[in-house]
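Visitor: Would you be able to build a 3D model of this:
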Amino acid sequence: MKHPLRTLVASTAAAACLGVGAVALGGPSAAAATTPAHPFPQHATYKAGVLPSASQSTRDAAVRSAYSRWKSTYLVHGCASNEYYVS
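Guide: Prediction:
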(Lines give C-alpha, C1' and ligand atoms only; values in the text may rest on other atoms or scores of the structure.)
Protein backbone atom coordinates (compact mmCIF):
# COMPACT_ATOMS: atom_id res chain seq x y z
CA MET A 1 0.00 0.00 0.00
CA LYS A 2 1.37 3.40 -0.96
CA HIS A 3 1.70 6.00 1.75
CA PRO A 4 -0.93 8.78 1.33
CA LEU A 5 1.65 11.57 1.70
CA ARG A 6 3.85 9.98 -0.97
CA THR A 7 0.84 9.83 -3.29
CA LEU A 8 0.09 13.50 -2.59
CA VAL A 9 3.67 14.53 -3.40
CA ALA A 10 3.60 12.53 -6.63
CA SER A 11 0.27 14.13 -7.59
CA THR A 12 1.61 17.59 -6.78
CA ALA A 13 4.70 16.94 -8.90
CA ALA A 14 2.51 15.82 -11.80
CA ALA A 15 0.32 18.92 -11.46
CA ALA A 16 3.41 21.13 -11.46
CA CYS A 17 4.51 19.55 -14.75
CA LEU A 18 1.18 20.56 -16.23
CA GLY A 19 1.54 24.11 -14.90
CA VAL A 20 -1.25 23.74 -12.37
CA GLY A 21 -0.33 25.71 -9.26
CA ALA A 22 3.40 25.43 -9.92
CA VAL A 23 5.69 27.43 -7.69
CA ALA A 24 9.38 27.84 -8.50
CA LEU A 25 11.67 27.28 -5.56
CA GLY A 26 15.13 28.79 -5.43
CA GLY A 27 18.05 26.44 -5.12
CA PRO A 28 21.42 25.49 -6.53
CA SER A 29 21.89 25.50 -10.27
CA ALA A 30 21.72 22.27 -12.22
CA ALA A 31 25.52 22.32 -12.65
CA ALA A 32 26.04 22.62 -8.90
CA ALA A 33 23.57 19.80 -8.26
CA THR A 34 25.44 17.40 -10.56
CA THR A 35 28.85 17.94 -8.95
CA PRO A 36 28.77 16.66 -5.37
CA ALA A 37 30.81 18.63 -2.85
CA HIS A 38 31.86 15.41 -1.14
CA PRO A 39 31.61 12.49 -3.60
CA PHE A 40 31.02 8.99 -2.26
CA PRO A 41 32.95 7.26 -0.72
CA GLN A 42 34.79 9.53 1.70
CA HIS A 43 36.58 6.93 3.87
CA ALA A 44 37.21 9.40 6.66
CA THR A 45 39.68 8.32 9.31
CA TYR A 46 38.59 8.97 12.88
CA LYS A 47 40.91 9.21 15.89
CA ALA A 48 38.72 6.92 17.99
CA GLY A 49 35.98 4.44 17.28
CA VAL A 50 35.21 0.92 16.19
CA LEU A 51 34.73 -0.21 12.61
CA PRO A 52 32.70 -3.24 11.53
CA SER A 53 34.70 -6.37 10.72
CA ALA A 54 33.49 -6.28 7.07
CA SER A 55 35.89 -5.07 4.39
CA GLN A 56 35.77 -1.49 3.10
CA SER A 57 34.33 -2.62 -0.24
CA THR A 58 31.57 -4.59 1.53
CA ARG A 59 30.68 -1.56 3.66
CA ASP A 60 30.66 0.69 0.55
CA ALA A 61 28.36 -1.77 -1.24
CA ALA A 62 25.99 -1.81 1.75
CA VAL A 63 25.80 2.01 1.76
CA ARG A 64 25.22 2.11 -2.02
CA SER A 65 22.46 -0.48 -1.68
CA ALA A 66 20.74 1.40 1.16
CA TYR A 67 20.94 4.67 -0.79
CA SER A 68 19.49 3.02 -3.91
CA ARG A 69 16.57 1.67 -1.84
CA TRP A 70 16.01 5.14 -0.34
CA LYS A 71 16.00 6.77 -3.80
CA SER A 72 13.56 4.22 -5.24
CA THR A 73 11.25 4.68 -2.26
CA TYR A 74 11.31 8.46 -1.71
CA LEU A 75 12.35 10.24 -4.94
CA VAL A 76 9.64 11.27 -7.39
CA HIS A 77 10.65 12.38 -10.88
CA GLY A 78 9.75 15.99 -11.68
CA CYS A 79 8.99 17.76 -14.96
CA ALA A 80 12.54 18.22 -16.22
CA SER A 81 14.91 15.33 -16.84
CA ASN A 82 17.13 16.41 -13.91
CA GLU A 83 14.33 17.37 -11.49
CA TYR A 84 13.23 15.26 -8.52
CA TYR A 85 11.08 15.69 -5.42
CA VAL A 86 11.53 13.96 -2.07
CA SER A 87 8.29 12.26 -1.13
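Visitor: Flag the shaky bits of the protein, pLDDT-wise.
Guide: When residues are selected by pLDDT under 70, those of the chain lie in 1-34.
Visitor: can you do 80?
Guide: Counting by pLDDT under 80, the low-confidence segments of the chain come to 1-36.
Visitor: what's the longest helix in it?
Guide: Among the elements of the chain assigned as helix by DSSP state H, the one spanning the most residues is helix 56-74.
Visitor: Name the residues that touch it?
Guide: If you take CB atoms under 8 Å, 6 or more residues apart in numbering as the criterion, helix 56-74 is touched by 6, 40-41, 43, 52, 54, 86-87. Quick note: C-beta positions are derived from backbone N, CA and C, even for glycine.
Visitor: Whichever of those end up buried, select them in PyMOL.
Guide: Below is the selection syntax for PyMOL that covers the buried ones among the contacts of helix 56-74, with 16 or more other CB atoms under 10 Å defining burial:
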select buried, resi 87
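Visitor: Take the contacts of helix 56-74 and lay them out in JSON lines including secondary structure and distance to Thr73.
Guide: JSON lines is the format used below for those (DSSP: H, G, I helix; E, B strand; the rest coil; distance: CB to CB, whole Å):
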{"residue": "Arg6", "secondary structure": "helix", "distance to Thr73": "8"}
{"residue": "Phe40", "secondary structure": "coil", "distance to Thr73": "19"}
{"residue": "Pro41", "secondary structure": "coil", "distance to Thr73": "22"}
{"residue": "His43", "secondary structure": "coil", "distance to Thr73": "26"}
{"residue": "Pro52", "secondary structure": "coil", "distance to Thr73": "24"}
{"residue": "Ala54", "secondary structure": "coil", "distance to Thr73": "24"}
{"residue": "Val86", "secondary structure": "strand", "distance to Thr73": "10"}
{"residue": "Ser87", "secondary structure": "coil", "distance to Thr73": "8"}
